[in-house]
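K.L.:
Fold the following.
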Amino acid sequence: MLERLVAATRAPTADNPWYASLLDWLGRVGELLAAVVAAGVLLAFAWGLYGRTLGRRRDRYRRLVRLGTNAQISFFSSVLGEPPAMRRTEESAVTRFGEAGNRYLEPKTWIECVWIDRDFYVHAVADEDETVHAYSVTTRSKRFRPTFRQPGGWWIERGRLGRLLRLRQIGRHPRIKLGKTRFHELGWPQQSSSWIGAHNMHYFEAYWGANPGFYQWFIYGINDAGYMDAPWDYEQMHTFSWGFGANDVIDPQLALAQAAIDADGAEAQEPDPAHEIIEPEPAYERVQLDEEDVEEPLPAFFDAFRRRARINTYTLLGPELALDDYPFYTPPPQGYPTIFGPNSGRTRTLAGEES
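P.N.:
Numbering: from 1, shown residues only. Next up, the predicted model:
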């Protein structure tokens, strides 16, 4: 082809007029462009085939780590590649504080969305403006193991050389791999609860991130809509809870807000009759416990459960949503039917069996 292009640039003659050389040259260029386009189409087809087969899970991993609170429902749909398979509204109440420090419940309408993939569920809770305040990822297959790491934390960021040498990053939260990481790897549990019904079961552990976690709650659980590997013991785990004292304020996020109001010394005012007043709870201080600091060990059945049970659901609550205000949360020990992630009864009617 190169020789033909060179010949096309030669001086025109009676047997080889200038326009004939130009047309021949344009034809060769057209052939070259057609070959480039064909190669691009073939490459795109091969890449799409890889994304649907061998690279499908890797592609899903990249998509899931882009999700986060305070994003819009439309952003979740664009990242996941499709609109939610389920969408409905849920009525509940959230805790608010008046100027005098009175706690009251304010009605709230939430939008619940569920995206369904053959390997996972994504469950999101958004407000009326479609801003996501909580979301969960549940694996449906023992071969699908997305990795998550709590945002925030105190650490020294690695430089380019540190990343190249794979040096350890100081103070970073551990990674959690759904379907593989066991609960005992999370350390000493802060708050946990389980319930087992006639057909359904659920278990979760909630960890308050405080300032290193951007004032967010991180919940790791077992949702019966996904793939489960847990030694369920109906006798012991029927209605079990840990870390919920009878006089504790369940959510330190609310306790901090209450303490700030009390510290300001606000004078009592007449309560708003439109609000249901909640009596202030005792002051609450949460201390992060290490295993060596705990005198009383975990119950034997509970410790054995945490060492064998694998996490299949990761849930993140945004800083604007307290654990107590999560619309599907019931304070333990009345833990039934607290659910983090999709409702198994509704999702299975649409999604079919685990693939």
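K.L.:
What's the local residue count around residue 83?
P.N.:
Using other Cβ atoms under 10 Å, residue 83 is surrounded by 13 other residues. From N, CA and C alone the C-beta is placed, and that goes for glycine too.
K.L.:
Nearest spatial neighbour of it, chain-adjacent residues omitted?
P.N.:
residue 77 (5.0 Å; Cβ to Cβ, 6 or more residues apart in numbering).
K.L.:
same question, residue 217
P.N.:
Once flanking residues are discounted, residue 217 sits nearest to residue 317: 4.1 Å by Cβ to Cβ, 6+ apart.
K.L.:
what pairs with that neighbour across the strands?
P.N.:
Residue 317 has the following beta-bridge partners by DSSP bridges: residue 134, residue 217.
K.L.:
just use 59 as the starting number from now, easier for me
P.N.:
Right, with 59 as the first residue, what we last looked at is residue 375.
K.L.:
Pull the contacting residues for it.
P.N.:
Residue 375 makes contact with 127, 191-192, 274-277, 381, 384, according to Cβ atoms under 8 Å, 6 or more residues apart in numbering.
K.L.:
and of the residues you listed, the nearest to residue 232?
P.N.:
Closest approach between the contacts of residue 375 and residue 232, by Cβ to Cβ: residue 276, at 11.3 Å.
K.L.:
Now rank the contacts of residue 375 by neighbours and give me the top one.
P.N.:
With neighbours taken as other Cβ under 10 Å, the top of the contacts of residue 375 is residue 192, carrying 27 neighbours.
K.L.:
any idea how far residue 182 is from it?
P.N.:
As judged by Cβ to Cβ, to the nearest Å, residue 192 and residue 182 stand 7 Å apart.
K.L.:
cool, and residue 377?
P.N.:
Separation of residue 377 from residue 182 (Cβ to Cβ): 16 Å.
K.L.:
Repeat that for residue 93.
P.N.:
Counting by Cβ to Cβ, the gap from residue 93 to residue 182 is 46 Å.
K.L.:
do residue 238 as well
P.N.:
According to Cβ to Cβ, residue 238 and residue 182 sit 24 Å apart.
K.L.:
Who has more neighbours out of these two?
P.N.:
The neighbour comparison of residue 238 against residue 182 (other Cβ under 10 Å) goes to residue 182, with 24 against 15.
K.L.:
Which helix or strand contains residue 237?
P.N.:
Assigned by DSSP states H and E, residue 237 falls within no helix or strand.
K.L.:
in terms of contact, does it touch residue 371 like I think?
P.N.:
No. The pair residue 237 / residue 371 is not scored as a contact, 10.1 Å apart, by Cβ atoms under 8 Å.
K.L.:
Pull up the overlap in contacts between those two.
P.N.:
Joint contacts of residue 237 and residue 371 (Cβ under 8 Å, 6+ apart) are residue 197.
K.L.:
which residues does residue 285 contact?
P.N.:
So residue 285 contacts 197-200, 202, 237, 370, 412 (Cβ under 8 Å, 6+ apart).
K.L.:
right, and the helix or strand after the worst-scoring helix or strand of the chain on mean pLDDT?
P.N.:
Among the helical and strand segments of the chain, the one scoring lowest on mean pLDDT, DSSP states H and E is strand 334-336, with a mean of 49. Remark: after strand 334-336, the chain's next helix or strand is helix 358-366, criterion DSSP H and E.
K.L.:
Flag every buried residue along that following helix.
P.N.:
Residues 360, 363-364 are the ones in helix 358-366 that count as buried (16 or more other Cβ atoms under 10 Å).
K.L.:
Just the closest of these to residue 270, please.
P.N.:
Ranked by distance to residue 270 (Cβ to Cβ), the buried residues of helix 358-366 are led by residue 364 at 23.0 Å.
K.L.:
coming back round to it: kindly reformat the contacts of residue 375 as a markdown table containing pLDDT and distance to residue 300.
P.N.:
Shown next, in a markdown table, are the contacts of residue 375 (pLDDT from 0 to 100; distance: Cβ to Cβ, whole Å):
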| residue | pLDDT | distance to residue 300 |
| --- | --- | --- |
| 127 | 95 | 26 |
| 191 | 97 | 26 |
| 192 | 97 | 22 |
| 274 | 90 | 21 |
| 275 | 93 | 16 |
| 276 | 94 | 16 |
| 277 | 96 | 14 |
| 381 | 91 | 15 |
| 384 | 95 | 18 |
